[in-house]
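1. the sequence isn't on hand, but the structure is:
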């Protein structure tokens with residue numbers, strides 16, 4: 001229990017430090033993942049996203065700023081590695097801003113009832129998405145525009161298209 005509380009505190013502190021060091025409002029933190037054991041080296045992964053994307057320099061700048069602050073203020077007492085990266089396609093969409101950035105792309109969504117739908121993201125509101133659901137019926141694909149509330153989404157991933 002103590003380790004879990006410690007990890008939560010570290011995540012909250014790192015989130016604050018990372019947000020203070022963003023270049024501007026077009027950048028945002030998607031997630032902070034802290035892994036490690038009591039006797040081992042802790043790994044901290046900060047997932048950075050931008051409304052217009054991020055590049056390696058954006059990640060390096062944030063890594064330097066956060067790393068400097070962690071060392072200066074001794075925020076993490078044990079050995080650690082720090083990595084700043086953009087979320088890859090294997091990382092699910094977590095924030096409304098990520099959905100907005102992916103309008104027009106194909107998604108695979110696992111709903112809270114366990115069902116899975118695929119289709120194209122059409123629009124995003126504060127509480128839901130408009131989704132052009134694709135279903136195979138016999139030899140043709142049928143499209144249906146549906147609204148899915150964020151509270152109904154268990155997990156959503158962008159599908160990569162090689163067309």
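-> On my side now, so go ahead. Predicted, not measured: the structure shown is a model, and the values here were computed from it.
2. any idea what sits nearest the residue most central in space within the chain, other than its immediate chain neighbours?
-> Compute the mean C-alpha point of the chain, and by Cα atoms, centre = their mean the closest residue is residue 30, 4.0 Å away. Closest residue to residue 30 apart from its sequence neighbours, by Cβ to Cβ, 6 or more residues apart in numbering: residue 47 at 4.1 Å. Where C-beta positions appear, they are placed from N, C-alpha and C, glycine not excepted.
3. any idea which element that neighbour lies in?
-> strand 42-50 (DSSP states H and E).
4. same check, this time on residue 109
-> strand 106-111.
5. what comes into contact with that strand?
-> By Cβ atoms under 8 Å, 6 or more residues apart in numbering, the residues outside strand 106-111 that reach it are 93, 116-121, 131, 148, 152-159, 161.
6. recalculate using a threshold of 7 Å.
-> 116-121, 148, 152-159, 161 (Cβ atoms under 7 Å, 6 or more residues apart in numbering).
7. in strands only, show me those.
-> Among the contacts of strand 106-111, DSSP state E puts 116-121, 148, 153-158 in strands.
8. from the residues you listed, which is closest to residue 81?
-> Residue 81 lies nearest to residue 157 out of those, by Cβ to Cβ, at 26.1 Å.
9. that closest one against residue 87, yeah?
-> No - the pair formed by residue 157 and residue 87 falls short of the contact definition of Cβ atoms under 7 Å, at 10.2 Å.
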